[in-house]
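Visitor: Here is the input, now give the coordinates:
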Amino acid sequence: MTYAADSLKLLGTSGDSTLSVYSLRKNKVLTQSEFSEDEPLSVVLMKNGRKVICGTHNVVLLLYSWGYFKDCSDRFTGFQFSSIDVLLKLDEDRVITGTENGLISLIGVLPDRIIQQIVEHSEYPVEQLAYSHDRKFLGSISHDQMLKLWDLDDLLQGSGDVPRNQSAVADSDSDEMNMDTNPSTSFKGNKGSKSSKGLRALDASNNFFADL
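Guide: Alright, predicted model coming up:
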């Protein structure tokens, strides 16, 4: 699930292979997507709340326009790794993915591109990703019972500026933006080459999640 604070809505993927939008104000499901053979596993808001991105079991990113949830507006394919289990937004144009084979990668959205494979947590699936309170470190957990911390400056070297001390732009999907006036048409992603970067894992500190 992901939370759209401005409009008190929850967006969630589920085992029935759909994306649902739930209103906390009205205490009911507002809309639900059609069944997807790609089986969405993770979800995040991007582009200032105008786009909903879902990672899937079939290694596809599904892009939905806000207000048009019945079917996705774009499908980004071409990945060389396993199912996309975890999504963590870096900024409005880039998202960090965690996959079934333990890889953590940086992906660009609209334009769709694979920026780089940035690190490998382990050979096990990545279960969760999170930032430290100051966004200096990226934390990852897997089935190896270990929390690993990665220095974001090293992790994203050569891939652009790293947001510091605050989110780049807050997610927003206010009631004034319930429907897109010009939903995006299908976009063919530019599948860039990936470059692996070996990075050092830092010792996990007890207060890593204290201020989240």
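Visitor: contacts and neighbour counts: CA atoms only from here.
Guide: OK.
Visitor: what pLDDT does the residue sitting nearest the centre point of the chain get?
Guide: In the chain, the centroid-proximal residue (Cα atoms, centre = their mean) is Leu87; its distance is 2.7 Å. Note on Leu87: pLDDT of 96.
Visitor: give the contact list for it.
Guide: Contacts for Leu87 (Cα atoms under 8 Å, 6 or more residues apart in numbering) come out as 42-44, 54-55, 95-98, 129.
Visitor: Tell me the secondary structure at it.
Guide: With DSSP: H, G, I helix; E, B strand; the rest coil as the basis, Leu87 sits in strand.
Visitor: if we look at the sheet, which residues does it bridge to?
Guide: Following DSSP bridges, Leu87 is listed with bridge partners Thr97.
Visitor: Cross the contacts of Leu87 against strands and list the overlap.
Guide: If you go by DSSP state E, the contacts of Leu87 have 42-44, 54-55, 95-98, 129 in strands.
Visitor: Mind picking out the helix or strand in this protein with the poorest mean pLDDT?
Guide: Sorting the helices and strands of the chain by mean pLDDT, DSSP states H and E puts strand 201-202 at the bottom, at a mean of 42.
Visitor: Tell me how far the residue sitting furthest away from the middle of the chain lies from Thr2.
Guide: Going by Cα atoms, centre = their mean, the residue of the chain most distant from its centre is Lys26, 26.6 Å out. Taking Cα to Cα, to the nearest Å as the measure, Lys26 falls 18 Å from Thr2.
Visitor: Around the nearest residue to Lys136 once chain neighbours are set aside, count how many other residues there are.
Guide: Using Cα to Cα, 6 or more residues apart in numbering and skipping residues adjacent in sequence, the residue nearest Lys136 is Leu152, 5.8 Å away. When counting by other Cα atoms under 10 Å, one arrives at 17 neighbours for Leu152.
Visitor: So Leu152 sits against Phe137, correct?
Guide: Yes. Counting by Cα atoms under 8 Å, Leu152 sits close enough to Phe137 to count as a contact (5.3 Å).
Visitor: Might you list the low-confidence residue ranges for this protein?
Guide: 158-212 (pLDDT under 70).
Visitor: mind listing the helices for the protein?
Guide: Counting by DSSP state H, the chain has helices at residues 152-155.
Visitor: Contact partners for Lys28?
Guide: Taking Cα under 8 Å, 6+ apart as the test, what Lys28 contacts is Tyr22.
Visitor: same check, this time on Arg94
Guide: Applying Cα under 8 Å, 6+ apart, the residues contacting Arg94 are 106-109.
Visitor: Quick check: Lys70 touching Gln32?
Guide: Yes. The criterion here is Cα under 8 Å, and Lys70 meets it with Gln32 at 6.5 Å.
Visitor: ok, the residue nearest to Gly108 when sequence neighbours are not counted to Leu106 distance?
Guide: Excluding its sequence neighbours, the residue lying closest to Gly108 (Cα to Cα, 6+ apart) is Arg94, at 4.5 Å. Arg94 sits 7 Å away from Leu106, going by Cα to Cα.
Visitor: Same check on Ile84?
Guide: Taking Cα to Cα, one finds Ile84 at 12 Å from Leu106.
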